[in-house]
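>>> Need the 3D shape of this:
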Amino acid sequence: MEVRVFDDVDELGRFAAEHVIAAISAQPDAVIGLATGSSPLSLYAAWAELARERGLDQSAVRGFALDEYAGIDPEHPESYHSVITKTVVEPVGLEPSRVAVPSAEATEEAAAAYEEAITAAGGVDVQILGIGRNGHLGFNEPGSPLDSRTRRVSLTAETIADNARFFDSAADVPTEAITQGLGTIMDARKLVIVAVGEAKAAAVAAAIEGPVTPDVPASLAQHHENVVYAIDRAAASQLS
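Presented below is the predicted three-dimensional model:
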């Protein structure tokens, strides 16, 4: 595990983006796992900038989003279909048809199809991840099986409250989602985990220095052979 701490969020984003750029440079049809949330935004901004600076051909790059709210209209501005398009596909310059997001129908059939699509693509080369205040990865809340696969899940009150800032009120936040499982995430060849802000400090410390436990889903990354944390000084404040 590599843990890098930054005073500047732009530097953090550039460091994290270099791992994505390196994968695409080595393999033009690289498969990138895409996370939503505020922490990876500096990574996506740097990815877009670096790709333009270097004239990187990204026409064959494939992407798989981590999750989606269950039952949400894909055209809703806060659906992850919309968010991934706005924060990644358009600024980075990816081909929209090559970027997949789990179906908001969130059926068992949709979950199985998403797993099959990832397998058919050859697996994820670099999985970008944020980390929730409760240590979740994707929408794998505390208590999620460590070998879980893509499935429909219920969201905790804490996650709903955290995501309420994106909606008119907490009552408008969907209470269920479809998410890649922890087992699915761990299959990626590299994990790049980004955390920004003091609100993430306890989760970061538990994930990096605590025991591996379903109570802190992100702690499972300790067992991954190729994981990089890019965190700011505030998110690192509780590391020993």
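
>>> Pick out the residue nearest the middle of this structure.
The C-alpha lying nearest the average C-alpha coordinate of the chain belongs to Ala35 (Cα atoms, centre = their mean; 2.6 Å).

>>> gap between it and Leu239?
Ala35 is 21 Å from Leu239, where distance means Cβ to Cβ, to the nearest Å. All C-beta spots, glycine's among them, are computed from the backbone N, C-alpha and C.

>>> was I right about the residue nearest to the centre of the chain contacting Leu66?
Yes - with contact defined as Cβ atoms under 8 Å, Ala35 reaches Leu66; the gap is 5.2 Å.

>>> shared neighbours, the two?
129, 138 (Cβ atoms under 8 Å, 6 or more residues apart in numbering).

>>> looking at the chain, which helix or strand is least sure?
helix 157-163 (a mean of 89; mean pLDDT, DSSP states H and E).

>>> Can you get me the centre-to-centre distance for that one and its chain?
Chain-centre distance of helix 157-163: 17 Å, with Cα atoms, centre = their mean, to the nearest Å.

>>> same deal with stretch 45-59?
On Cα atoms, centre = their mean, the centre of stretch 45-59 falls 20 Å from that of its chain.

>>> now do stretch 1-21
Computed by Cα atoms, centre = their mean, the separation of stretch 1-21 from the middle of its chain amounts to 15 Å.

>>> now do stretch 156-172
18 Å.

>>> now do the same end-to-end measure for it.
14 Å (Cα to Cα, to the nearest Å).

>>> Could you do stretch 164-180 as well?
Stretch 164-180 has an end-to-end distance of 22 Å (criterion: Cα to Cα).

>>> Show me where this protein has its strands.
In the chain, the strands defined using DSSP state E lie at 2-6, 31-34, 62-65, 67-69, 99-100, 126-129, 151-154, 176-179, 190-195, 227-232.
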